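In: Any chance you could fold what I've pasted below:
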Amino acid sequence: MLRVSRVGFTLVTAGAIKQAATTLNSLLDISGGKTPVPRDELKAFLKGSVMPIMAGTELDRRGNSSDLRSSLGQLTRDAAFAATIVNANPDANFVRSITACITHDYERMRFVSKMTSAQASKTIEYLCKVGVKNAAVFPVLISRLDYSNLHELARVMLALAESQLHELNMLVVVPLYCGDKWAVEVHNGSSGNSSSSETASASQPARSSNVFEAVRVLRALSKSCRKCVEDRRSASSHSLAELPRDSLHLLRNNLVKFIFEHGRLLRGSHWVNVARALILFPGELSELRQLAVVCPQIVEEVQVACFGGAKLEDPRSCPVTCETVASAAIRHVFDYAEHRREIPKESAEKHPSGEFPFDLSYPDLVKLLPMLEQIASGKAAAAKGSASEQDARVMTALNAISVNAHHLLLRDLVKVLQTLRRMPPSEGATAAVNVIAALVGSRLCECPPAELVQKVSFRTIAQFAATLSALRVTRCDDFVSFVSRGATFFPRSLTVETTVSFANALANAASNRSASCHAAMRTLLGRLVNNYEEELQVAPLVSAHPHAVTKILRACVLLDYIPETRLLERLLGSAEVPIQFTSDVHDAGGALVFGLTRTMTHFLRQARSECPQRVEELWAQNVLRTLLPLAVECTKHAATRVSATRWDGVAAYTAVSWRSTLEMLTAFVDPSLAHNTAEETAQRLVEAFPLCAELLTDAASMTRSQIGLLAKSASSATDLRHRLQQTSFNSTCPVHFLSSLLIFEYLVYQAGSQSSSPKSTAVSEDLKVRLTSLKDAAYAALLNSPVQEGILVTPMDVVHSIFDCPLSKTDAAASSSSTSDPTAILLSKRDALEITTNLPFALSLVMNPGPVNEYFTERCMSLMVSEDDA
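Out: I've put the predicted structure just below:
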């Protein structure tokens, strides 16, 4: 079979080639009901007879060398097909022998030049299926491609695109196109006879046509073009100049021209693919240059689709781009729905019909929906009149999907919901969301768990949960039931993103807060903890995922569920694994503190009524060890990022977090003794005082910085208050600092009064002494100590500056004759009312007010009776 002629050369005989080609073709032939050859037998033949030929370097010159090379082309095609049959690895010796034979053909047997276009295209397809990524082997075969045959061109381009070999499509296949034109070919019935006449009709559509292949080529071209452009956008070493723009425009224009000229052969699914391919072309290459010149029909179609057929004064003002031509393609999808074509009474297919006026499949209609939304938003500037038409088409498609939703797969229904998530809300869209969400939920509940695992991927269920959460669906009982009993369906571990989606969807859609919902949340949190077991040995989950933890705990609040101690420790920290103040925590800042403190307040209220034994755990572990230190740390970090000359966005929620922290503290300390004993109230205040004093000192420093920033170059009191009103409420430090300080002062003085009362015999003498010391010494020291080292400004001075904010003499015209610096009240009447009405106590009923309370009350009274205000 093989003869070694010279060192490094292997001669392949004619007999060996013909025998191998004939035998292999026979082994692969399963026509006429033949039984496929066993894989082991096929592998043995490939290894013993085909691989040696692929390794040959020289053809036996005896006989007709042209026939031998043709046989080698057939053998190479069949060998590549056999590799797919035996599931060969792309790095296997047999596959490597095929690719080496092709790559080095120019210095070996030189048979590629004799391969037909069909052989070359099929070899490319088979090698791509095997998983070959060697870019050197394909250009040799692509050079044999006949561009006048759209079927073979489509086969090659789709195979390369699906194998992610987009560079080959754009840099090899496209440049070799030289403007070949195509004559339409139609194959009707089962005879396989082709005809160049358009004999298809609505009742008997064409079985196949090269126009269909043109659509496939356009799809592959669009996909590869988009991927190549995206890669070059992110890689500075490449440039869009490398792409063959002229060849791309030539091929794309001829394809679009051929498709629209023979559009009567296309069905709705084809038009959907045409529109999708055009929309996916990147913006840099979206202009269809010269298409209006070579195909005037396109201009007419675009005018009808985008301008309602109105005659334009200047036809050149009609933009012929990928988006506008896609609009023309989508218009054909609605031919039956908009009565441009009559629905046939007898059709070979079940579509179109009165209930489903589309000549496409249900999944294709799902693909159409996002394109309608994209075109409706993209064309608004070019053709304002088309917006209402596109909205009507969206509703037509939604109605058809809603009525026929039972025909769609679950993953298709989820795709519809994902599209609706991106669309502006409307009554029709909301109705469709409710119908589809209910259907998905019922399918999940009806399907047995064992069967569901095989039919539906968990990813689809997770996407459904995320969509329910984003769309804020408030009623989906079947989904709640599914999640409640779906412990066997959930994987052993969940990411924070997936857990947030399920938790939010469950909290929004649950009509009651049943024990089954609590069990579902317990399952979710358990799987979440499993996923981060190693990380949780070092720090709780909030340190790495602060926002996600906040959302999960907020969902727990909505479900009236307090996570078990072990789970709460994994989320927020414990004595053994305390919270770590990472950069993620600092970035979350006040928003994190605000969310967690409000959540803990809700947990406390629920625990007092359902599980009183957990109140002390919530206080000691979560408030004292985690939330108060967290509030102090986030305030310190924010204070370092602001000054009287700049204000950093990281401080956005810091101010409002002070108030929520003190409100949480008030709920736990319970100065009114509605739930606590006097001993518990006194003890908790003593424990929390040092951290609260530190928090309020840093809050005073931040407030001083904001006041300085507001007062800088302020010309009047009105100007000053206007600047404060322009500040976001969550960032208004003077308002929230005063609220927080008033609340803390109330706690200190009220607890002191309670302990000194003759009725408070339960409070130990030592604790009474400590409370008295807090009120008379520690709290007074807090008010009169500098807010920063080296700055002789105290928290009480900051309180005074809120009501007597200094203005510059040069900027205050009314104070030109005054010897003292002019001042203005920073607060408006609305600010004062906001503070007084939202305090957890009544200012006027406080029996033993502190200095801040007295000063604030006095100044607010004068503010309320004054005539000037804001």
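In: residues touching Ser239, list them.
Out: For Ser239, the contact set (CB atoms under 8 Å, 6 or more residues apart in numbering) comprises Arg232. Bear in mind the C-beta positions are built from the backbone N, C-alpha and C, glycine included.
In: confidence score at it?
Out: We have a pLDDT of 71 for Ser239.
In: Now do it against Asp246, distance only.
Out: 16 Å (CB to CB, to the nearest Å).
In: Likewise for Val453?
Out: When distance is defined by CB to CB, Val453 is 52 Å away from Asp246.
In: Same question for Leu807.
Out: Applying CB to CB to Leu807 and Asp246 gives a distance of 68 Å.
In: domain assignment for this structure?
Out: As given by automatic domain parsing, the domain ranges for the chain are 1-144, 207-408, 629-870.
In: Please compute how far the shortest one lies from its chain's middle.
Out: From the chain centre to the centre of domain 1-144 is a distance of 46 Å (CA atoms, centre = their mean, to the nearest Å).
In: Equivalent analysis for stretch 678-688, please.
Out: 46 Å.
In: got the contact list for it?
Out: 619, 623-624, 628, 665, 668-671, 673, 676, 747-748, 751, 754-755, 760, 762-764, 767-768, 770-771, 774.
In: give me that answer again for 7 Å
Out: 619, 624, 628, 665, 668-671, 673, 747, 751, 754-755, 760, 762-763, 767, 770-771, 774 (CB atoms under 7 Å, 6 or more residues apart in numbering).
In: same thing with stretch 411-431?
Out: So stretch 411-431 is contacted by 363, 366, 369-370, 373, 395, 398, 401, 405, 432-433, 436-437, 439-440, 460, 463-464, 467, 470-471 (CB under 7 Å, 6+ apart).
In: Check stretch 256-270 too.
Out: For stretch 256-270, using CB under 7 Å, 6+ apart, the contacting residues are 182, 184, 186, 198, 200, 205-206, 209, 211-212, 214-215, 274, 288, 291, 294-295, 297-298, 301, 325, 332-333, 358-361, 364.
In: Count residues in the vicinity of Ala410, would you?
Out: No Ala there; residue 410 is Leu. As a burial measure, Leu410 scores 19 neighbours (other CB atoms under 10 Å).
In: Contacts only, for it.
Out: Contacts of Leu410 (CB under 7 Å, 6+ apart): Val440, Arg443, Val456, Thr460.
In: try it again with 6 Å
Out: Contact analysis of Leu410 by CB atoms under 6 Å, 6 or more residues apart in numbering lists Arg443, Val456.
In: what separates it from Ile53, distance-wise?
Out: Applying CB to CB to Leu410 and Ile53 gives a distance of 50 Å.
In: now do Val172
Out: 27 Å.
In: Which of these two has more residues huddled nearby?
Out: For Val172 versus Ile53, neighbours defined as other CB under 10 Å are more numerous around Ile53 (24 against 20).
In: Mind telling me what element that one is part of?
Out: helix 51-54 (DSSP states H and E).
In: So what touches that helix?
Out: Leu2, Val12, Ala20, Phe94, Ser97, Ile98, Cys101.
In: isn't Asp560 right next to Asn512, touching?
Out: No. If you go by CB atoms under 6 Å, Asp560 and Asn512 don't touch, sitting 9.7 Å apart.
In: what's the longest helix in this protein?
Out: The longest helix of the chain (DSSP state H) is helix 678-711.
In: Report the buried residues of that helix.
Out: If you call a residue buried by 16 or more other CB atoms under 10 Å, then helix 678-711 has these buried ones: 678, 680-686, 688-689, 691-711.
In: Same question for stretch 581-592.
Out: Phe581, Val585, His586, Ala588, Gly589, Gly590, Ala591, Leu592.
In: Could you measure from the fourth one over to Leu738?
Out: Here the distance between Ala588 and Leu738 works out to 25 Å (CB to CB).
In: Next up, identify which helix or strand the residue nearest in space to the middle of the chain is on.
Out: Nearest to the mean C-alpha position of the chain, counting by CA atoms, centre = their mean, stands Ala466 at 9.6 Å. Taking DSSP H and E as the definition, Ala466 sits inside helix 458-471.
In: other SSEs contacting that helix?
Out: helix 410-422, helix 496-509 (3 or more CB pairs under 6 Å, 6 or more residues apart in numbering; DSSP states H and E).
In: Low-confidence bits of the stretch 1-150 of the chain, can you list those?
Out: By pLDDT under 70, the low-scoring segments of the stretch 1-150 of the chain are 1-9, 63-64.
In: distance of the nearest residue to Thr732 once chain neighbours are set aside from Thr703?
Out: In space, Thr732 comes closest to Ala655 once its chain neighbours are excluded; the distance is 6.0 Å by CB to CB, 6 or more residues apart in numbering. Look at Ala655 and Thr703: by CB to CB, they are 8 Å apart.
In: Which neighbours do the two have in common?
Out: Counting by CB under 6 Å, 6+ apart, the residues touching both Ala655 and Thr703 are Cys733.
In: mind checking the SS state of Arg475?
Out: Secondary structure, DSSP: H, G, I helix; E, B strand; the rest coil: Arg475 is coil.
In: quick one, phi/psi of it?
Out: In terms of degrees, to the nearest 10, the main-chain angles of Arg475 are phi -150, psi 110.
In: what about it, neighbour count?
Out: 14.
In: go on, Met864?
Out: What Met864 shows, counting by other CB under 10 Å, is a neighbour count of 12.
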